[in-house]
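>>> fold the following.
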Amino acid sequence: MRRLLVLVVVAVAAAACGESGDDPGTGQLADESDGGVGAEIDDPGQGSTSDTEEADGTEVEEDAATDAEEVAATDANGSAAEAEEYAAAIASAVLNDDGGPDANEAEARCVGDAVVEQMGLEWVKGLGDPVEAGAVFVDGNPEVETARAGGLAEALVVCVPAISTVVATSLSDASGIELTDAEIDCMAKAAQGVTVTMLADALVDESPSPFVVGIGEAEDVARKFVACTPAVAEFYRSAVLEGIDLAQGEEAEVDEPFVDCVLAMVNDELMVPIIATTISGLGGVGGLVALIQWVAVESQTCAATRAITALDEVAGSYILQGTNPGRPNLGYSGEVQLVLAGDGTLDVTWVIGDSEFTGSATLREGALDTTFSAPVQGTGLWRLTEEGTLVGRWGETGSDETGTEVWVPT
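Here you go, the predicted model:
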């Protein structure tokens with residue numbers, strides 16, 4: 001429409017210029033029979049006539065530009081009116097959405113404005129008329145380009161803080177942790193970045209994987225969760241008893257010192273990688289399973305031990321269960337062979353998956369002092385339990401973090 005109006009303005013301007021050139025008075029001026037008149041033709045005053053015509057043309061161009069600006073302004077006003085109508089309709093749909101996060105009028109309107117601004121009016125109009133667009137945005141999972149999803153997700157989370165509570169309340173609902181409003185608010189703020197990531201993923205994919213975030217970001221959120229409330233760590237500590245039952249057998253009698261020993265290991269810092277496992281993709285069950293498996297291995301280091309008197313007492317084949325240094329949520333299993341070397345040492349060979357590690361061991365104060373050098377370097381110390389299991393800690397050279405390995409004879 002704007003282009004057609006501009007063409008009309010240009011045509012009118014051209015017609016006006018043509019009428020000025022056909023002035024009947026020009027013929028009289030060209031008549032040389034009257035010398036006085038003819039002399040006036042050669043007078044510099046003719047230049048004044050050209051200046052007048054040029055001035056008339058300038059006025060026409062200015063009129064055309066003014067008309068074009070008015071047309072542009074009209075179009076802009078029309079677009080602004082449409083944007084207002086669509087934003088209001090989306091806000092109304094958000095406000096009346098029983099299945100979405102609670103939003104007040106200001107927050108709902110913020111969402112409407114954000115959708116129009118981030119996605120553009122044409123995209124919103126493509127959803128249908130204003131009422132249809134609101135309904136589709138709220139319930140219809142409209143397709144959003146990946147390039148725009150992040151900006152829209154961030155804007156929505158800023159508009160409606162309640163969206164961020166999804167991580168906190170999901171963890172609370174799934175685990176049965178009772179949280180106060182202040183604790184949920186604290187956790188929601190801690191999880192805001194993760195919420196944006198998940199929401200952007202949901203905008204692009206109608207069936208996204210939950211909690212799709214990197215382990216580093218998940219650990220940062222987990223650390224903040226633990227700081228927000230002791231209830232999170234306390235809940236995971238309750239799984240320790242399940243881990244003890246798994247390690248000792250449900251029928252076994254577990255003495256208080258043993259339980260106290262295990263509980264002392266389950267500190268807040270340990271909770272960080274465990275909770276991060278939950279956030280980053282395995283879900284609540286995965287996090288608990290990791291913790292229980294860790295306790296099943298780690299608790300063995302609390303068992304009563306006795307001194308090893310000779311290397312041949314422990315030579316043989318074992319099944320191992322282990323946890324990685326600094327990553328108790330990432331366990332592993334395999335086999336280990338202890339073979340007498342004949343020089344007061346044992347040759348030690350670990351087979352874990354497709355990897356093989358080698359080292360040697362000697363007796364030191366009734367324990368098995370072990371070193372390994374291929375493919376990584378480190379040391380470990382194993383003690384013998386009354387049941388014949390070897391339990392120990394190990395770490396890589398240059399690191400203060402340790403892992404745990406339990407060797408059960410085959």
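>>> tell me the buried residues in stretch 116-128?
For stretch 116-128, the neighbour count (16 or more other Cβ atoms under 10 Å) marks 116, 118, 119, 123, 124, 127 as buried. Bear in mind the C-beta positions are built from the backbone N, C-alpha and C, glycine included.
>>> any residues touching it, and which ones?
79, 82-83, 86-87, 90, 115, 133, 135-137, 140, 142, 144, 148, 151-152, 155 (Cβ atoms under 8 Å, 6 or more residues apart in numbering).
>>> cool, and stretch 134-151?
Counting by Cβ under 8 Å, 6+ apart, 86, 89-94, 97, 100, 115, 118-119, 124, 127-128, 152, 196, 200-201, 203-204, 206 sit against stretch 134-151.
>>> measure that stretch end to end?
Distance between the two ends of stretch 134-151: 19 Å, counting by Cα to Cα, to the nearest Å.
>>> what is the nearest of the buried residues of stretch 116-128 to residue 230?
residue 118 (39.0 Å; Cβ to Cβ).
>>> re earlier: among the buried residues of stretch 116-128, which are in helices?
116, 118, 119, 123, 124 (DSSP state H).
>>> make TSV from those residues and add distance to residue 312 and pLDDT to it.
What follows is these, written out as TSV (distance: Cβ to Cβ, whole Å; pLDDT from 0 to 100):
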residue	distance to residue 312	pLDDT
116	79	92
118	72	92
119	74	92
123	77	92
124	79	91
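>>> can you redo those residues as TSV with distance to residue 178?
Below are those laid out as TSV (distance: Cβ to Cβ, whole Å):
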residue	distance to residue 178
116	40
118	37
119	39
123	43
124	41
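>>> tell me the one of those residues nearest residue 376?
residue 118 (48.3 Å).
>>> and the closest one, how close does it get to residue 131?
To residue 131, residue 118 is 21 Å away according to Cβ to Cβ, to the nearest Å.
>>> could you do residue 390 as well?
From residue 390 to residue 131 the distance is 71 Å (Cβ to Cβ).
>>> residue 343: which of the ones in helices among the buried residues of stretch 116-128 is nearest?
Nearest to residue 343 among those, with distances taken as Cβ to Cβ, is residue 118, at 72.0 Å.
>>> which one of residue 390 and residue 131 has more residues nearby?
More crowded of residue 390 and residue 131, by other Cβ atoms under 10 Å: residue 390, with 24 against 14.
>>> for that one, give the beta-bridge partners.
residue 384, residue 407 (DSSP bridges).
>>> assess the claim that it and residue 380 are in contact.
No: counting by Cβ atoms under 8 Å, residue 390 does not reach residue 380; the two are 10.2 Å apart.
>>> so which of the contacts of stretch 116-128 belong to helices?
Going by DSSP H, the helices hold 79, 82-83, 86-87, 90, 115, 133, 135-137, 148, 151-152, 155 from those.
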